[in-house]
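Asker: This is a predicted model, with the sequence first.
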Amino acid sequence: MKRGRLPLTALRSFEAAGRLGSFTEAAAELFVSQAAISRQIRDLEALIGKPLFERHHRSVSLTADGEALLTVLTHSFDRIGESLDALCGAKRAGTLIVSAEPSFAGCWLVPHLAQFQAENPEIDLVIDADPRLVELRGHDVDVAIRHSAKVTSWPRVEARHLGDVEMIAVMAPALAPRPLREPLDLLRYGLLHEDTRGLWEQWFAAAGAGQVRVERGAIFADGALVLQAALRGHGVALMDRDHVRDDLNAGRLVQAFDFSIRYGAFWLVVRRFDALSEPARRFVAWIERCYPGRKGA
């Protein structure tokens with residue numbers, strides 16, 4: 001098709017809907033109505049003569065032809081955006097925006113940022129603590145740090161393993177003056193939970209305590225809040241060993257039992273590692289050097 005006939009508006013609507021997997025989210029990103037997105041995509045399908053989406057009752061999914069077109073469009077729009085950013089100076093040089101899981105941000109990243117800042121005083125950091133897998137396109141985020149229990153890659157981004165998650169039971173020293181004899185002893189002190197009580201049930205089962213029904217204990221939105229509660233003696237917490245290493249070494253927390261369970265991993269997620277800005281390249285190099293979980297990977 002000649003360049004002069006390229007339906008650019010329809011292609012942009014399709015790229016956003018395919019990338020986000022939703023006509024509604026595409027409409028929000030492009031500041032148009034959902035009806036406008038649907039119409040543009042229908043017109044594009046009519047022009048091509050093939051369906052690009054399979055329509056379901058409450059969702060849509062790309063066809064094989066849609067996947068092929070999306071890959072080309074996303075790559076092309078990325079390159080256009082990067083070129084325009086470079087020409088316009090869209091973001092002040094030296095600024096780095098990092099989107100991180102709240103637990104990772106609160107328990108490890110923020111306590112260790114002083115080291116990065118000391119090594120890179122000219123870089124201004126913006127930390128966005130967000131549990132969602134941020135859509136790097138359409139946002140200013142340079143680097144994302146995400147946790148996944150099973151997933152190891154995501155569409156249209158590059159991911160690099162940062163460190164495995166090893167969950168251990170920790171508590172304030174004053175909370176348990178007597179030695180603990182068996183895992184079920186922890187029930188006397190109250191259990192702290194992040195998002196769900198199910199992880200403790202997995203821990204008890206793996207520790208040989210059988211199928212323990214955990215129905216009590218405060219639930220917190222993220223691990224940083226769980227950590228604060230544990231430090232203040234409010235109960236026993238399951239925490240990533242790397243996130244409480246400093247507290248264990250300083251004696252602010254003790255590990256209840258020499259036992260752990262694996263719970264996925266943290267990942268560095270970017271558009272392309274070979275196209276990182278200088279601040280992003282330095283941050284990635286620093287965190288891969290300093291994050292303790294990576295040393296054992």
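Answerer: Nice, I can see it. Numbers count the residues shown, from 1 in each chain.
Asker: Now do the helix or strand that residue 71 is a member of: distance to the chain's middle.
Answerer: Taking DSSP states H and E as the definition, one finds residue 71 inside helix 64-88. On the basis of CA atoms, centre = their mean, to the nearest Å, the separation between the geometric centre of helix 64-88 and that of its chain is 23 Å.
Asker: Are there helices or strands packed against that helix, and which ones?
Answerer: Other elements packing on helix 64-88 under the criterion 3 or more CB pairs under 8 Å, 6 or more residues apart in numbering; DSSP states H and E are helix 8-20. Placement of C-beta: from N, CA and C, glycine included.
Asker: Check the burial of residue 97 by counting its neighbours.
Answerer: Residues near residue 97, counting by other CB atoms under 10 Å, number 19.
Asker: In a helix, it, correct?
Answerer: No. Checked against DSSP: H, G, I helix; E, B strand; the rest coil, residue 97 lies outside a helix; its state is strand.
Asker: outside of the helix holding residue 71, which residues touch it?
Answerer: Residues from elsewhere that reach helix 64-88 (CB atoms under 8 Å, 6 or more residues apart in numbering): 11-12, 14-15, 18-19, 48, 50-53, 62, 90-91, 137, 156, 271, 275.
Asker: what does stretch 191-205 give?
Answerer: Residues beyond stretch 191-205 that count as contacts (CB under 8 Å, 6+ apart) turn out to be 103, 167, 169, 183-184, 210-223, 225-226, 229-230, 234-238, 261, 263.
Asker: Can you say which of these are buried?
Answerer: Among the contacts of stretch 191-205, those that count as buried by neighbour count (16 or more other CB atoms under 10 Å) are 103, 167, 169, 183, 212, 214, 217, 220, 222-223, 225-226, 229-230, 234-238, 261, 263.
Asker: Give me the subset of those residues lying in helices.
Answerer: Among the buried ones among the contacts of stretch 191-205, the members falling in helices (DSSP state H) are 103, 223, 225, 226, 229, 230.
Asker: The spatially most central residue of the chain: what's it in contact with?
Answerer: When the chain is reduced to its mean C-alpha position, the nearest residue by CA atoms, centre = their mean turns out to be residue 146, at 2.3 Å. By CB under 8 Å, 6+ apart, the residues touching residue 146 are 101, 133, 159, 266, 267, 269.
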